[in-house]
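> Have a look at this fold, sequence not included:
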DNA sequence: TGACAAAGTTAGGTGGGGCTAACTATAGTA
DNA sequence: TACTATAGTTAGCCCCACCTAACTTTGTCA
């Protein structure tokens, strides 16, 4: 089925869509090579993924040609990217996590969380921002709170 | 290596450890059958996973016998369960997500987030609780905030 | 234009994680 | 004690996602 009903995608395929989406130039085009570099996989792995995405009606490309997303693919990619951004800003702006760490965590978690929780997370980020407007700096307060307690405890962990 | 250095485990193996940990009776024992039921996999898949966990020094068991965790396995399982609980209470107590949904999301996300973020999340839950003690019901306020905005927008999503 | 580098593809292999079907132990009961 | 149901194992298969090595195509430039 080329234009299939929205089937559940693996985390890996979502990553490919997101990468293509982010790499797209003005014409919405990318090259296989750049996808490989971005995701840190072999070029041949990209070929395989692109064939899969094409068979699912999410990407257009032909052998030795450049890659674009179908409108369906773009919609999915946008949603993944959106989750990524929401998670990142929650981690950074609310929890006070370092940007790098936040980005990496967002990459992992974006595939695990459904729209309901992501939606609430977005609301929450906005809520904290809104309270900030009213002069109540929740994020800052929390940082103090966390700083005090994590100074006390040792932070060793098995994982 | 039987008592290897703490290697990174797959999400799947973490799930097995967690299940064994949760199923353990007074003697810390479980049966393969119950693991299969809990995780919704075939009994033969459990056998395979147990062999792997044993080879990594995380579980004790012998053919046709009952299953226990080694102290190392227990430590890892406890950490996974801890992540699960922290995530669940963040989703429920802060974001106001329904318990069922929260549990399922926690199962997925517990493998994706590292100790740093989990630690901050725990702090955050505690912070919200502490503010609650001081008569400032952040969670309740947020729920109102979220309710207002999600009443306005349509909530369709591609994923 | 022809030669060469870079990009892309194919073939074939690995490992993880799951499945079914068929077999073997174990345990409970007539 | 023998029979049978249940639990556990093994063998063999599949799919996903990655890899390397070898090949083909494309594009650049002397």
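The structure has been received and is ready for your questions. Keep in mind that this is a model prediction, so the values were computed, not measured.

> Mind pulling the model confidence for residue A:144?
Here the pLDDT value assigned to residue A:144 is 97.

> close to chain B, is the helix or strand bottoming out on mean pLDDT in chain A?
In chain A, no helix or strand scores lower on mean pLDDT, DSSP states H and E than helix A:138-152, which sits at a mean of 92. Yes. Shown here: helix A:138-152 in contact with chain B (Cβ under 8 Å from any Cβ of the partner chain) through A:138, A:141, A:142, A:145, A:146, A:149, A:150. C-betas here are computed from N, CA, C, even on glycine.

> Who are the packing partners of that helix?
On a contact count with 3 or more Cβ pairs under 8 Å, 6 or more residues apart in numbering or on different chains; DSSP states H and E, helix A:138-152 meets helix A:115-133, helix B:115-133.

> what does chain A have sitting close to DNA strand C?
A:31-33, A:36, A:43-44, A:46-48, A:50-51, A:61, A:63-66 (Cβ under 7 Å from any atom of the strand).

> Give me the phi and psi angles of the closest residue to DNA strand D within chain A.
Nearest residue of chain A to DNA strand D, counting by Cβ to the nearest atom of the strand: residue A:10, 2.5 Å away. For residue A:10, the backbone dihedrals (degrees, to the nearest 10) come out as phi -70, psi 160.

> can you count the residues close to it?
Other residues near residue A:10 come to 11 when the count uses other Cβ atoms under 10 Å in any protein chain shown.

> and the helices and strands packed on helix A:138-152 as CSV, adding mean pLDDT and distance to residue A:100?
Formatted as CSV, those follow (pLDDT from 0 to 100; distance: least, Cβ to Cβ, whole Å):
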stretch, mean pLDDT, distance to residue A:100
helix A:115-133, 98, 19
helix B:115-133, 98, 11
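
> Residue A:15: what's it in contact with?
For residue A:15, the contacting residues are A:39, A:107, A:111, by Cβ atoms under 8 Å, 6 or more residues apart in numbering or on different chains.

> Next one: it from residue B:57, what distance?
Applying Cβ to Cβ, to the nearest Å, the value for residue A:15 to residue B:57 is 32 Å.

> mind checking how far the residue of chain A closest to DNA strand D is from residue B:20?
For residue A:10, the distance to residue B:20 equals 27 Å [Cβ to Cβ].

> for residue A:89, same thing?
37 Å.

> And residue A:32, by the same measure?
Counting by Cβ to Cβ, the gap from residue A:32 to residue B:20 is 43 Å.

> Compare these two (neighbour count), which wins?
Legend: neighbour count by other Cβ under 10 Å for residue A:32 and residue B:20, higher for residue B:20 (29 against 19).

> what's the nearest residue to the more buried one if we skip its chain neighbours?
Counting by Cβ to Cβ, 6 or more residues apart in numbering or on different chains, residue B:30 is the residue found nearest to residue B:20 once chain neighbours are left out, at 5.4 Å.

> quick one: the one you found and residue B:13, what's the gap?
Plainly put, residue B:30 is 15 Å away from residue B:13 if you go by Cβ to Cβ.

> And residue A:120, by the same measure?
Counting by Cβ to Cβ - residue A:120 and residue B:13 are separated by 30 Å.

> returning to what we had before: using a markdown table, lay out the helices and strands packed on helix A:138-152 together with mean neighbour count and distance to residue B:80.
As requested, the helices and strands packed on helix A:138-152 are exported to a markdown table (neighbours: other Cβ atoms under 10 Å in any protein chain shown; distance: least, Cβ to Cβ, whole Å):
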| stretch | mean neighbour count | distance to residue B:80 |
| --- | --- | --- |
| helix A:115-133 | 19 | 19 |
| helix B:115-133 | 19 | 10 |
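
> could you dump the ones you listed to JSON lines with distance to DNA strand D?
Shown next, in JSON lines, are these (distance: least, Cβ to the nearest atom of the strand, whole Å):
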{"stretch": "helix A:115-133", "distance to DNA strand D": "20"}
{"stretch": "helix B:115-133", "distance to DNA strand D": "22"}
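
> Can I get those helices in CSV including distance to residue B:94?
Formatted as CSV, the helices and strands packed on helix A:138-152 follow (distance: least, Cβ to Cβ, whole Å):
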stretch, distance to residue B:94
helix A:115-133, 8
helix B:115-133, 5
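
> Looking at the ones you listed, spot the one closest to residue B:26.
helix B:115-133 (28.6 Å; Cβ to Cβ).

> Please see if the host helix or strand of residue A:106 touches chain B.
Residue A:106 is located in helix A:99-109, with elements delineated by DSSP states H and E. Yes. Using Cβ under 8 Å from any Cβ, helix A:99-109 reaches chain B at A:101, A:102, A:105, A:108, A:109.
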